[in-house]
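Student: got a structure for you, letters missing:
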């Protein structure tokens, strides 16, 4: 029997994010995961070069690629719904866990132990905090892009995402914001100069 894992992985491109909000440009889960992977890698590199950390930047990128894969089964749960109450968050956490196990079961048995740390909770809290910050940075980029396109629908989301980033208290994310986020306000012509 053919393994279904990567056929499922390819379905991330059909899951749109920000479903409750009017978008000028739709973003799917594949696009988001690529951006999160790049940002997680960058945060790890910033931590290593500027903060004396010893992160595995490549592993951070891999965690970013797979961080939302369970949403192939669950769909993208809007943040206000997902975190509405502790009970809903706990229930959704249980659904995510079942989704992770279903995805792992779609792999040949001899590969599952290699993918489990990418899909299921890993013991690497430091890298997971970078991926969480990268996820928020990706959300912030989306908010900035929508605002620049004249869509005020994302004004509140931009403010709350900035606040969430501050609350995470990830120094690497602060460095990223200071050094790279301003360029997202520029036009293509300005970026090309």
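Tutor: Alright, I've got the coordinates. Everything numeric here is computed off the predicted structure, so don't read it as measured data.

Student: which SSE is residue 118 in?
Tutor: Counting by DSSP states H and E, the element that carries residue 118 is helix 112-119.

Student: so how far is that helix off the chain centroid?
Tutor: Counting by Cα atoms, centre = their mean, to the nearest Å, helix 112-119 is centred 18 Å from the centre of its parent chain.

Student: With stretch 100-110 instead?
Tutor: Between the mean C-alpha location of stretch 100-110 and the chain-wide mean there is a distance of 22 Å, by Cα atoms, centre = their mean.

Student: center of the protein, which residue is that?
Tutor: By Cα atoms, centre = their mean, the mean C-alpha position of the chain lies nearest to residue 135, the distance being 3.3 Å.

Student: now that one, nearest residue through space, not along the chain?
Tutor: Spatial nearest neighbour of residue 135, excluding adjacent residues (Cβ to Cβ, 6 or more residues apart in numbering): residue 36 at 5.3 Å. Backbone N, C-alpha and C define where each C-beta goes, glycine included.

Student: now do residue 59
Tutor: Distances taken as Cβ to Cβ, 6+ apart place residue 127 nearest to residue 59, at 6.2 Å, with adjacent residues excluded.

Student: How about residue 3?
Tutor: Closest to residue 3 by Cβ to Cβ, 6+ apart is residue 108, at 5.4 Å.

Student: Relative to residue 62, how far out is the one you found?
Tutor: Here the distance between residue 108 and residue 62 works out to 19 Å (Cβ to Cβ, to the nearest Å).
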